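[1] Sequence plus the predicted model coming up.
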Amino acid sequence: MDPINLSLGVFAVGFGVLTLIIRATNPSMFGKLAAMKQQWGDAAGTAIHVIAYTVMPILIGAALIAAGASGVSFFGR
């Protein structure tokens, strides 16, 4: 087990889940979402924001957790 990968993975998954919860309860907290909607339109801006701040952190975090649990180390050792 690699504790660095596991820790980063748990943090990334937690961040993604937190943004998902905030998006459902108080979406006005996302300042960058308004800028993205203005730049790319409502649908595309929202999609880019969801992918960048919710989906990708959860996927990367899950991969880091799986790698860390199997002993793979991306950051040293």
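    Looks like it arrived, so ask away.
[2] What does Gly71 show for phi and psi?
    Dihedral pair for Gly71: phi 100, psi 0, per degrees, to the nearest 10.
[3] how would you label the residue nearest the centre of the chain: helix, strand or coil?
    Residue closest to the average C-alpha location in the chain (Cα atoms, centre = their mean): Pro57, at 2.2 Å. Judged by DSSP: H, G, I helix; E, B strand; the rest coil, the three-state class of Pro57 is helix.
[4] Surely it touches Leu20?
    No. With contacts counted by Cβ atoms under 8 Å, Pro57 stays clear of Leu20, the gap being 9.8 Å. For every residue, glycine as well, the C-beta is placed using N, CA and C.
[5] Next secondary structure after the lowest-mean-pLDDT helix or strand in the chain?
    One helix or strand of the chain scores below all others by mean pLDDT, DSSP states H and E: helix 31-40, with a mean of 90. The helix or strand immediately downstream of helix 31-40 is helix 42-50, counting by DSSP states H and E.
[6] Nearest spatial neighbour of the residue nearest to the centre of the chain, chain-adjacent residues omitted?
    Distances taken as Cβ to Cβ, 6 or more residues apart in numbering place Gly16 nearest to Pro57, at 3.7 Å, with adjacent residues excluded.
[7] Ala52 is in contact with the one you found, correct?
    No. Contact between Gly16 and Ala52 fails when scored by Cβ under 8 Å: they sit 10.3 Å apart.
[8] okay, the two: which has more neighbours?
    Under the criterion of other Cβ atoms under 10 Å, the comparison of Gly16 against Ala52 puts Gly16 first, with 20 against 13.
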